[in-house]
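S.K.: Below: sequence and its predicted model.
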Amino acid sequence: MGEVSGASVSLGAAFRPETIGDAAVAQMIAVLDAQDAAPSIERLRAWMLAAGDVRRGEACVDVGSGTGTMTRRLAALAGPDGRALGVEPNGMLRVVAEARAGEVDSAAEFCQGLATEIPLPDESVDVLWCERVLQHVPEPAAAIAEFGRVLRPGGRALLLDSDHESRVESDVDPAVSRAMTTAFMGQLANPSAARNIPRQAIQAGLSVDPDVGSSALVQSQDMLLRSDLSRMSAEQAVGDGTITPEQAAAALAAQAEAARNGWAFWAVTVFGFVCRKD
């Protein structure tokens, strides 16, 4: 793969190992930080951690750790006798994660790796966290099989991911909104990731708890005004020939006006699965 740099991140280039450049990385960090701050995501994370029963002394790995938010949290839960390792393929995000861990004296560690190639021995992990990563993975079944490989008997894989067909937004013509969502999904490797996790986990030899968590990731009014996501989706739909430039401009203007008035609504559902290795 070639390196992706420049002033912005295209839909097809976001959250790739090869994405570089200060502006591009800053955009990815802004998206991750905004999602970290979303109350709905915090509720789902807290539910997942409780359902997964993360204990002191356990070995934890955060696959696709990004800026390291959950790696640091796992490190705190595992305590000084445990370990939390963030596996992140993007070197620039790893630099950010290491710096943030250092700022708060966290024991979290970070290394290069892919979801399909975790640099750990067989049966060496008690808890594996993977949040909104599988949607970017071309071979999610291979990744989940890899999760099963590194888990010890009794280990838990805590898998959170989106299903982008659940996306809803207000104040945009429904047909145009569907075209923009389809354009966005066409740029993701695995846009309906969540719905396939139970099958892929069971086929990898894991069991899946029947209680499935879910929460809507809701964009704030401020994020709708500042984020490039809708613009990129609209531009992609125009490029795909499914909407006209005029329809794209009208959709973006309507969404921005609604956000300025405080009533815009944009959300996508994130699901959480607790998968266990017997």
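M.R.: Everything's here; your move.
S.K.: Every contact and neighbour count from this point should use C-alpha atoms.
M.R.: Will do.
S.K.: Which helix or which strand is home to the residue lying farthest from the centre of the chain?
M.R.: What lies farthest from the middle of the chain is Glu246; by CA atoms, centre = their mean that is 31.6 Å. Using DSSP states H and E, Glu246 maps to helix 245-261.
S.K.: CA atoms of that helix as PDB?
M.R.: Provided in PDB are the C-alpha atoms of helix 245-261 (Å, rounded to 0.1, in the frame of the first residue of the first chain):
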ATOM      1  CA  PRO A 245     -23.800  18.400  -6.700                       C
ATOM      2  CA  GLU A 246     -26.900  20.500  -6.100                       C
ATOM      3  CA  GLN A 247     -28.400  17.700  -4.000                       C
ATOM      4  CA  ALA A 248     -25.200  17.400  -2.000                       C
ATOM      5  CA  ALA A 249     -24.900  21.100  -1.400                       C
ATOM      6  CA  ALA A 250     -28.600  21.200  -0.200                       C
ATOM      7  CA  ALA A 251     -28.100  18.300   2.100                       C
ATOM      8  CA  LEU A 252     -25.000  19.800   3.700                       C
ATOM      9  CA  ALA A 253     -26.600  23.200   4.100                       C
ATOM     10  CA  ALA A 254     -29.700  21.700   5.600                       C
ATOM     11  CA  GLN A 255     -27.700  19.700   8.100                       C
ATOM     12  CA  ALA A 256     -25.600  22.700   9.100                       C
ATOM     13  CA  GLU A 257     -28.600  24.900   9.600                       C
ATOM     14  CA  ALA A 258     -30.300  22.300  11.800                       C
ATOM     15  CA  ALA A 259     -27.100  21.900  13.800                       C
ATOM     16  CA  ARG A 260     -26.800  25.700  14.300                       C
ATOM     17  CA  ASN A 261     -30.400  25.600  15.500                       C
END
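S.K.: Please name every helix or strand in contact with the helix or strand following that helix.
M.R.: Later in the chain than helix 245-261, the nearest helix or strand by DSSP H and E is strand 266-276. Contact here means 3 or more CA pairs under 8 Å, 6 or more residues apart in numbering; DSSP states H and E; on that basis strand 266-276 packs against helix 39-52, strand 151-162, strand 168-169, helix 193-203, strand 207-208, strand 213-218.
S.K.: now, of those, which is deepest in the fold?
M.R.: Scoring the helices and strands packed on strand 266-276 by mean neighbour count under mean count of other CA atoms under 10 Å gives strand 151-162 as the most buried, with a mean of 23.
S.K.: what angle sits between that one and helix 193-203?
M.R.: Note on geometry: by axes from the mean of the first three to the mean of the last three CA atoms, to 10 degrees, strand 151-162 and helix 193-203 are set 160 degrees apart in direction.
S.K.: and Gly66, that's in a helix?
M.R.: No. If the criterion is DSSP: H, G, I helix; E, B strand; the rest coil, then Gly66 is coil and not within a helix.
S.K.: and it, how many neighbours does it have?
M.R.: By other CA atoms under 10 Å, the residues close to Gly66 number 28.
S.K.: how about it, phi and psi?
M.R.: As for Gly66, its main-chain torsions (degrees, to the nearest 10) stand at phi 60, psi -120.
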